[in-house]
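>>> sequence unavailable; structure follows:
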């Protein structure tokens, strides 16, 4: 065989093996949905009605996600996870942090267990035997572009007098003048809307420091019995370890070109009650975030944690398929994407391939699906 052809073939093989991978996941079980399904309403006493934390079961789902992703990247010959990004909503930050803990503990436990483990561990920056998350230098970076859909249904889920977290608001009665199936919503008395829904959406978003402080102080909800009578009942009593993994902008890595700044900013956007984000705008920002982060991490795997709507609509944009092919995102379900520039057009547009779609094997394996695991959306 021609020596040039051999070298060219080997180089092409190495390029394919080093191709970057993007994993996009939905957050874990949220406390407002859990209490709603138990017959109560979390929102009336909540300070930030639009920003519920996870249940204990949701935290466990997220930790198992991280453990599963460590095995997945190994069995599918994907690069190790080298960066984690999260929506600024607390439920996503907790999911991302728990996933980092699970991934790090699994990767640490596997180091040296096989012939190739030593090389793989060095790929993970060579850190060993430190606190979970710290051993791989993984932190959670806040990215506003991964935030929830700022649409009518999201606002109705928390800003109305009888909101209980349900997407689109509580189901209207026959005489209420609305039909959720057709997207027609009942009229709203503007004077009863939470006034915070009427200010620009960026004012509803916490800074990384605020998120970290909240998680440091948070010790769960007294009505959360999602892991009661299980061996894991006391494993998630605090979120201090997760809080320590939230990357503040001033702590950004030296190799981050944007020094920790969010790719997409809500500042200057007009999103608020009556001025909602469109589906196309949501897809645009999600795609922009994925494309930009893929360029920053061309040879590694990155984990992005977002919400049901954005995750599903991103799938539509990247693959060109209808959202029904993806299906409703269950808690901590994820999809895996790789980009092939060779398939793009002459202007350099890239083509994405979904290697895995809406996978929730890790949740099913632990037999702890949430009651609305197959039907929840945001």
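The structure has been received and is ready for your questions. Computed from a predicted model, the values in this text were never measured in an experiment.
>>> just the element for the nearest residue to residue 29 once chain neighbours are set aside, please.
Spatial nearest neighbour of residue 29, excluding adjacent residues (CB to CB, 6 or more residues apart in numbering): residue 58 at 3.4 Å. For the C-beta atoms, the positions are set from N, CA and C on the backbone; glycine is no exception. Using DSSP states H and E, residue 58 sits within helix 56-75.
>>> can you pull the buried residues of that helix?
Using 16 or more other CB atoms under 10 Å as the test for burial, helix 56-75 gives 56-70, 72-74.
>>> what does stretch 191-210 give?
Neighbour-count burial for stretch 191-210, with 16+ other CB under 10 Å as criterion, is recorded at 193-194, 196-197, 201-202, 204-206, 208.
>>> in the chain, which spans are strands?
Taking DSSP state E, the strands of the chain run over residues 21-26, 81-86, 140-142, 246-247, 301-306, 334-340, 351-359.
>>> packing partners of the last one?
Other elements packing on strand 351-359 under the criterion 3 or more CB pairs under 8 Å, 6 or more residues apart in numbering; DSSP states H and E are helix 308-319, helix 323-326, strand 334-340.
>>> same thing with the fourth one?
Packed against strand 246-247, as judged by 3+ CB pairs under 8 Å, 6+ apart, are the following elements: strand 140-142, helix 208-217.
>>> give me the mean pLDDT for the last one.
This points to helix 208-217. Regarding helix 208-217, the rounded mean pLDDT is 97.
>>> any idea how many residues pack against residue 244?
Residues near residue 244, counting by other CB atoms under 10 Å, number 16.
>>> burial measure for residue 187, as a count.
Residue 187 is flanked by 8 other residues according to other CB under 10 Å.
>>> could you check how far it is from residue 169?
Between residue 187 and residue 169 the distance is 12 Å, computed by CB to CB, to the nearest Å.
>>> returning to what we had before: need the helices and strands packed on strand 351-359 in a markdown table (columns: distance to residue 82 and mean pLDDT).
Converted to a markdown table, these look like this (distance: least, CB to CB, whole Å; pLDDT from 0 to 100):
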| stretch | distance to residue 82 | mean pLDDT |
| --- | --- | --- |
| helix 308-319 | 20 | 96 |
| helix 323-326 | 26 | 94 |
| strand 334-340 | 15 | 92 |
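>>> reformat the ones you listed as JSON lines; add mean neighbour count.
Converted to JSON lines, the helices and strands packed on strand 351-359 look like this (neighbours: other CB atoms under 10 Å):
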{"stretch": "helix 308-319", "mean neighbour count": "22"}
{"stretch": "helix 323-326", "mean neighbour count": "14"}
{"stretch": "strand 334-340", "mean neighbour count": "20"}
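>>> which of these sits closest to residue 233?
strand 334-340 (26.3 Å; CB to CB).
>>> neighbouring strands - and their directions - for the closest one?
Applying DSSP bridges, strand 334-340 is found paired with strand 21-26 (antiparallel), strand 351-359 (antiparallel).
>>> avg pLDDT for the first one?
Strand 21-26 shows an average pLDDT of 98 in the prediction.
>>> which stretches of the stretch 101-250 of the chain form helices?
With DSSP state H, counting those that start in this stretch as the criterion, the stretch 101-250 of the chain has helices at 117-123, 152-156, 208-217, 240-243.
>>> give me whichever of the helices and strands packed on strand 246-247 is most buried.
Highest mean neighbour count among the helices and strands packed on strand 246-247 (mean count of other CB atoms under 10 Å): strand 140-142, with a mean of 28.
>>> now residue 23: closest residue in space that isn't a chain neighbour?
Spatially, and ignoring its direct neighbours in sequence, residue 23 is nearest to residue 303 (4.8 Å; CB to CB, 6+ apart).
>>> what is the burial count for the one you found?
Per other CB under 10 Å, the neighbour tally for residue 303 reads 26.
>>> thinking again about what came up before, with distance to residue 361 added, can I get the helices and strands packed on strand 246-247 in JSON lines?
JSON lines is the format used below for the helices and strands packed on strand 246-247 (distance: least, CB to CB, whole Å):
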{"stretch": "strand 140-142", "distance to residue 361": "23"}
{"stretch": "helix 208-217", "distance to residue 361": "28"}
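>>> could you point out which of those sits nearest residue 239?
Proximity to residue 239, assessed across the helices and strands packed on strand 246-247 by CB to CB, is greatest for helix 208-217 (4.2 Å).
>>> can you list the neighbours in contact with the closest one?
With contacts defined as CB atoms under 8 Å, 6 or more residues apart in numbering, helix 208-217 is touched by 88, 90, 93-94, 97, 142, 206, 239-240, 242-244, 246-249.
>>> and the angle for it with strand 81-86?
Helix 208-217 and strand 81-86 are oriented at 90 degrees to each other (axes from the mean of the first three to the mean of the last three CA atoms, to 10 degrees).
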